[in-house]
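A.B. asks: Sequence first, predicted model second:
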Amino acid sequence: MLTGAGVSAESGVPTFREAQTGLWEQYDPMDLATPEAFARDPELVWRWYRWRRDLVAGAEPNAGHRALAELQSLVPRLTLVTQNVDGMHQRAGSSDVIEFHGNLFSNRCSAEARIVNAADDDDGVPSCPDCGGYLRPGVVWFGEAIPEEALHASFAAAADCDVFLSVGTSSLVYPAAGLADVAREAGAVTIEVNPSPTSQSESYTASLRGNSGMVLPQLVESLAH
Ligand code: APR
């Protein structure tokens, strides 16, 4: 299954294509979450990510996240691929989550391109304790490659599943948006959970129109009994 920003919307974490709030409403995420933005103004990018980290740290997983964690114990095999970087699925109890776009709370050395667990001071641009290069948030930015292991594991799971569940994603950003096609071609039943139609809705076996915090608990309840 694949989740997107919509599964965290009811936790108060804005989706990518909603207007940002407060100070950040003047910025388009597309102009902040890029290597070019970081090269141009690393301090601004870090301020945005610290704002997002604080927002997520102050939020709680919602009933949709919890339902997916319960679902994992009800079915023989479940591969949860998320485009979200907020770590909410893990906080709700899901395990072996594939973070397709990385994790908001990890830091990566921009020179050595590896995850560095360095303490992040509260302002400015943190430096790598090993090489002194800038640290950057451990997320995948627009124009960057998906981590090879996450990419391979996600497409392998999609090619080998009976049911593909897509929750809270606009299905606009590839390669994640291509997972449903791979599952469909492999003969899987495909189900979309989204209050609004998406660009792929017509291709799904079924579309469950509603908020994931409402639909997923009902779906799991029906499976559990
Ligand atoms: N329950 C389920 N879905 C919801 C809810 C909800 N309560 N609220 C909103 N949605 C849906 C919206 O209708 C929309 O289709 O969630 C989707 C959110 O779409 P996006 O904001 O485009 O987020 P996402 O699909 O995760 O974006 C994919 O693009 O911006 C990049 O890297 C970023 O991971 C992100 C990727």
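C.D. replies: Done, it's in. Fair warning: this is a prediction, and the values are worked out from it, not measured in the lab.
A.B. asks: So what's the residue count around residue 132?
C.D. replies: 9 (other Cβ atoms under 10 Å). (Glycine included, C-beta is placed from N, CA and C.)
A.B. asks: Check it and give its pLDDT.
C.D. replies: Listed pLDDT for residue 132 reads 89.
A.B. asks: now swap in residue 119 and tell me
C.D. replies: 63.
A.B. asks: and if you look at residue 16?
C.D. replies: 69.
A.B. asks: Look up the closest residue to the residue in the chain positioned nearest to the ligand, ignoring the ones flanking it.
C.D. replies: Residue nearest to the ligand within the chain (Cβ to the nearest ligand atom): residue 6, separated by 2.3 Å. What sits nearest to residue 6 in space, not counting adjacent residues and going by Cβ to Cβ, 6 or more residues apart in numbering, is residue 168, at 2.4 Å.
A.B. asks: Would you agree the one you found is in contact with residue 196?
C.D. replies: No: in this structure, residue 168 is not within contact of residue 196 by Cβ atoms under 8 Å, at 10.4 Å.
A.B. asks: where does residue 67 fall, phi/psi-wise?
C.D. replies: phi -60, psi -40 (degrees, to the nearest 10).
A.B. asks: ok, now residue 2?
C.D. replies: According to degrees, to the nearest 10, residue 2 has phi -130, psi 130.
A.B. asks: hang on, the earlier thing: more neighbours: residue 168 and residue 196, which one.
C.D. replies: residue 168 (26 against 9).
A.B. asks: ok so, going back, so the residue of the chain closest to the ligand lies in a strand, does it not?
C.D. replies: No: if the criterion is DSSP: H, G, I helix; E, B strand; the rest coil, then residue 6 is helix and not within a strand.
A.B. asks: List the residues that contact the closest residue to residue 1 other than its chain neighbours.
C.D. replies: Nearest residue to residue 1, sequence neighbours excluded (Cβ to Cβ, 6+ apart): residue 165, at 3.9 Å. Taking Cβ atoms under 8 Å, 6 or more residues apart in numbering, we find residue 165 in contact with 1, 2, 190, 191, 193.
A.B. asks: In strands only, show me the residues you listed.
C.D. replies: Residues of those located in strands (DSSP state E): 2, 190, 191, 193.
A.B. asks: From what I see, the last one and residue 167 are in contact.
C.D. replies: I take that to be residue 193. Yes: taking Cβ under 8 Å as the definition, residue 193 is a contact partner of residue 167 at 4.4 Å.
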